[in-house]
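*Asks:* Predicted structure and sequence below. I'll ask about it afterward.
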Amino acid sequence: MSTKETVIAIAGVSCSRKGKKILEDVTLDVESGTVMGLLGPNGAGKTTLIRLVAGLARPDAGTIHVCGEDAAKRSVRFRRLIGLVPQENTLESELTVGESLLAYARLYGINDAKEMVHQTAERYHLSDFLDKRPEEISGGMKRRAVIARAAMTDPAVLLLDEPSAGLDPDLRHEVWALIRKLRDAGKTLLLTTHYMEEAERLCGRIAFLRAGRLRALDTADGIRAAAGDAKDLEQAFLRLSREEEEA
């Protein structure tokens, strides 16, 4: 039996947009210091769930708590608990990387914001890029900068929506190394991904969403076993989806 604390508690969450059901009765817990992966086809509700956990939207039903704080209320303490890495590059085009980090640090009221930016740049190997604008750096470096910015305020929880999407294999492995470093530092991470290898390598537990419902929740080994000892996660999810369609 696990003795780890539940950091993210999602209970009976349903959500609709423009009359379309996006999520339906989703319940799952994420324990401290772990990486939970959200997998599923396009339209499964993964990004919507990330937005709900971040407090950027409210569910129609159910509750979400992060370290005991109600996500729907977005208290000052709650906002300090969360670091969000969205799918898109959110570095401001008119600012250099360093200016973007500095603005974020000041927004969160960090004492000696310039020193924090310096430390963050060293930690994430961004020192040579602080004077460059987003269009002057690679996609992988932009991703590194967005992750560094989200982690700079030392949040308990990091939410990563498709953190390595569109990156070549070398850069993807660099992002994976960053995620492992954050996990090893005790952070709790909830991430969405389409890459089965990414889920296998990074995620202690995996939640499989399909058509807005939670279809499987287990370790990678457990999900493969439940799908008839599938050789990998891709085969497991294809089998689970087929069984669901035939039911």
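*Replies:* On my side now, so go ahead.
*Asks:* same for the helix or strand hosting Arg180, what does it pack against?
*Replies:* Element membership for Arg180, per DSSP states H and E: helix 169-184. Contact partners of helix 169-184 among helices and strands, from 3 or more Cβ pairs under 8 Å, 6 or more residues apart in numbering; DSSP states H and E: helix 139-151, strand 188-192, helix 196-202. Yep, even glycine has a C-beta here, placed from its N, CA and C like the rest.
*Asks:* Can you check which of those gets nearest to Ala105?
*Replies:* Each of the helices and strands packed on helix 169-184 was checked against Ala105 via Cβ to Cβ, and the shortest separation belongs to helix 139-151, namely 8.7 Å.
*Asks:* helices or strands up against that closest one?
*Replies:* Applying 3+ Cβ pairs under 8 Å, 6+ apart, one finds that helix 139-151 makes contact with strand 82-85, helix 97-107, helix 113-123, strand 157-161, helix 169-184.
*Asks:* Name the surrounding residues that touch it.
*Replies:* Helix 139-151 has contacts (Cβ atoms under 8 Å, 6 or more residues apart in numbering) with 83-86, 89-91, 97, 100-101, 104, 120-121, 123-126, 129, 134, 137, 158, 160, 163-164, 166-168, 170-171, 174-175, 178, 182, 187.
*Asks:* could you list every residue that touches the spatially most central residue of the chain?
*Replies:* Centrality entry for the chain: nearest residue to the mean C-alpha point is Leu160, 2.3 Å, by Cα atoms, centre = their mean. Counting by Cβ under 8 Å, 6+ apart, Leu160 makes contact with 85, 147, 179, 189-192.
*Asks:* Could you dump those into CSV with neighbour count, distance to Ala9 and pLDDT added?
*Replies:* Supplementary listing: the contacts of Leu160 in CSV, determined by neighbours: other Cβ atoms under 10 Å; distance: Cβ to Cβ, whole Å; pLDDT from 0 to 100:
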residue, neighbour count, distance to Ala9, pLDDT
Val85, 23, 21, 94
Ile147, 20, 25, 93
Ile179, 23, 22, 93
Leu189, 26, 16, 97
Leu190, 27, 12, 98
Leu191, 24, 18, 96
Thr192, 24, 19, 96
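*Asks:* which residues touch Leu191?
*Replies:* Taking Cβ under 8 Å, 6+ apart, one finds 35-38, 159-161, 163, 179, 202-203 in contact with Leu191.
*Asks:* Quick one: low-confidence residue ranges for the chain.
*Replies:* Low-confidence regions of the chain, defined by pLDDT under 70, span residues 1-3, 244-247.
*Asks:* if we go to 80?
*Replies:* Where the chain drops to pLDDT under 80, the residues are 1-3, 240-247.
*Asks:* Much appreciated, bye for now.
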